[in-house]
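Peer 1: sequence and predicted structure below; questions after.
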Amino acid sequence: MSKPLPEPERMAQARNYLREALRASGVTMRQLSLSMQKDPSYVGQLLETTPDRPRALPTPDELRKAAPVLKVPFRELLYHIWDIKSDDLSVAPGGIPDHRDTTFRDLSGAEWRELLSFAHYLHHRRTIEHGQSE
């Protein structure tokens, strides 16, 4: 079990990861913002966030839209931005099945996003309740 990072450190790591992903992909901040259906200046403001001017991290749904633009797996974005590990999303007792699992193949995109959003909520709640993530 790893101990979660304090919020400012986690935010800094998320911003650093996004900076590197932008650089590696050749995508502009504006292009990434628009791909997530955000204001064109969103990513620039996010990367320059300060304690007195915070900017919220992209939601899992927004990261799903950003993954193909950045040319990185969605699961990788979830891990680096929200600390949601791939194992947390895998088929396991109480886990969320991989999207290739035939049991869940008939879920619509909206239903799948709702399922992932709920997984994020549970992960966040567990982190707060137990003071650690698994």
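Peer 2: Good, I have the coordinates.
Peer 1: buried ones in the one helix or strand L115 maps to?
Peer 2: In this assignment (DSSP states H and E), L115 forms part of helix 109-130. Buried residues in helix 109-130, defined by neighbour count with 16 or more other C-beta atoms under 10 Å: 115-116, 119-120, 123. Just so you know, the C-beta spots here come from the backbone N, C-alpha and C atoms, and that holds for glycine as well.
Peer 1: and stretch 39-49, by the same measure?
Peer 2: 42-43, 46, 49.
Peer 1: with stretch 23-37 instead?
Peer 2: So, applying 16+ other C-beta under 10 Å, buried residues of stretch 23-37: 27, 29, 31-36.
Peer 1: can I get that stretch as PDB, trimmed to CA atoms?
Peer 2: This file holds the C-alpha atoms of stretch 23-37, laid out as PDB (Å, rounded to 0.1, in the frame of the first residue of the first chain):
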ATOM      1  CA  ARG A  23       5.700  18.100 -25.300                       C
ATOM      2  CA  ALA A  24       5.900  14.400 -26.400                       C
ATOM      3  CA  SER A  25       2.800  14.500 -28.500                       C
ATOM      4  CA  GLY A  26       3.400  17.900 -30.100                       C
ATOM      5  CA  VAL A  27      -0.100  19.000 -29.200                       C
ATOM      6  CA  THR A  28      -0.700  22.600 -28.100                       C
ATOM      7  CA  MET A  29      -2.300  23.600 -24.900                       C
ATOM      8  CA  ARG A  30      -5.200  25.100 -26.800                       C
ATOM      9  CA  GLN A  31      -5.700  21.900 -28.900                       C
ATOM     10  CA  LEU A  32      -5.800  19.800 -25.700                       C
ATOM     11  CA  SER A  33      -8.200  22.200 -24.000                       C
ATOM     12  CA  LEU A  34     -10.600  22.100 -27.000                       C
ATOM     13  CA  SER A  35     -10.300  18.300 -27.200                       C
ATOM     14  CA  MET A  36     -11.700  18.100 -23.700                       C
ATOM     15  CA  GLN A  37     -14.400  20.600 -24.600                       C
END
